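Engineer: with the sequence up front, the predicted model follows.
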Amino acid sequence: MALEIGLLGNEFFTNVILPFILVFTVVFAILEKVKVLGEKKDIHAIVALVISLIAVGVPAAVGTLQSFIPLIAVVLIILFAWMLVFGFAGKSVEAKWSEGLKKFFMIFLGVVLLATAVWAVTSSTGILDKINLDQVLSAQITQMILFVGAIVAIIAIAVSGGGEEKPGHKDK
């Protein structure tokens, strides 16, 4: 007899409802921010609805989301804990970043995000089994790369805290 956790253990909830809500929310937020379709929220909602229904209708997309989201959640928890530590120490989390450090950090996070997405797609679709790269891109190596990436990001943010203010620039 299988142990039921209730609503959270239901396959329909974890394979359909949660991915639908996540994709809908992210797509809607991006459309609202970018305003590529204009200022109309109803158009944004319809497009987000269609994209999220398509995403939920494709099992490979749901599998990819189920592989990708826990890793992103861990990174967010690490960043949140880092902010809490600075908050307890009485320091401001806001840092004055140099342009070079901003670019480096954005490129680094982009590479980490892309590597995580590639890993999630290949692991959920079984491509690694077909190519036989399981030993090269094992879960332990991927987790270590993400962990080191998070540490480097935290160090980069901590180091950038002492940036100088440009002459003639005033905070509003």
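Structural biologist: Yep, that arrived. Remember, predicted model here, so these are calculated numbers, not experimental data. Numbering: from 1, shown residues only.
Engineer: going forward, measure contacts and count neighbours with C-alpha atoms only.
Structural biologist: Will do.
Engineer: the helix or strand harbouring residue 77 packs against which elements?
Structural biologist: Per DSSP states H and E: residue 77 is located in helix 59-88. For helix 59-88, the elements it packs on are helix 41-57, helix 99-125, helix 139-159, judged by 3 or more C-alpha pairs under 8 Å, 6 or more residues apart in numbering; DSSP states H and E.
Engineer: try it again at 6 Å.
Structural biologist: Packing partners of helix 59-88 (3 or more C-alpha pairs under 6 Å, 6 or more residues apart in numbering; DSSP states H and E): helix 99-125.
Engineer: now do the helix it packs on against helix 59-88, angle only.
Structural biologist: 140 degrees (axes from the mean of the first three to the mean of the last three C-alpha atoms, to 10 degrees).
Engineer: and the angle for helix 99-125 with helix 139-159?
Structural biologist: 160 degrees.
Engineer: ranking helices and strands of the chain by mean pLDDT, which lands last?
Structural biologist: The weakest-scoring helix or strand in the chain, judged by mean pLDDT, DSSP states H and E, is helix 127-131 (a mean of 60).
Engineer: how does the protein divide up, domain by domain?
Structural biologist: The record assigns the chain these domain ranges, following automatic domain parsing: 7-57, 59-163.
Engineer: adding mean neighbour count, write those domains out as JSON lines.
Structural biologist: Shown next, in JSON lines, are the domains of the chain (neighbours: other C-alpha atoms under 10 Å):
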{"stretch": "domain 7-57", "mean neighbour count": "15"}
{"stretch": "domain 59-163", "mean neighbour count": "14"}
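Engineer: lowest-confidence stretch among the ones you listed?
Structural biologist: Across the domains of the chain, domain 59-163 has the smallest mean pLDDT, namely a mean of 72.
Engineer: how much space between the residue nearest the centre of the chain and residue 81?
Structural biologist: Centre of the chain computed as the mean C-alpha position; nearest residue by C-alpha atoms, centre = their mean is residue 72, 4.3 Å away. Between residue 72 and residue 81 the computed distance is 14 Å (C-alpha to C-alpha, to the nearest Å).
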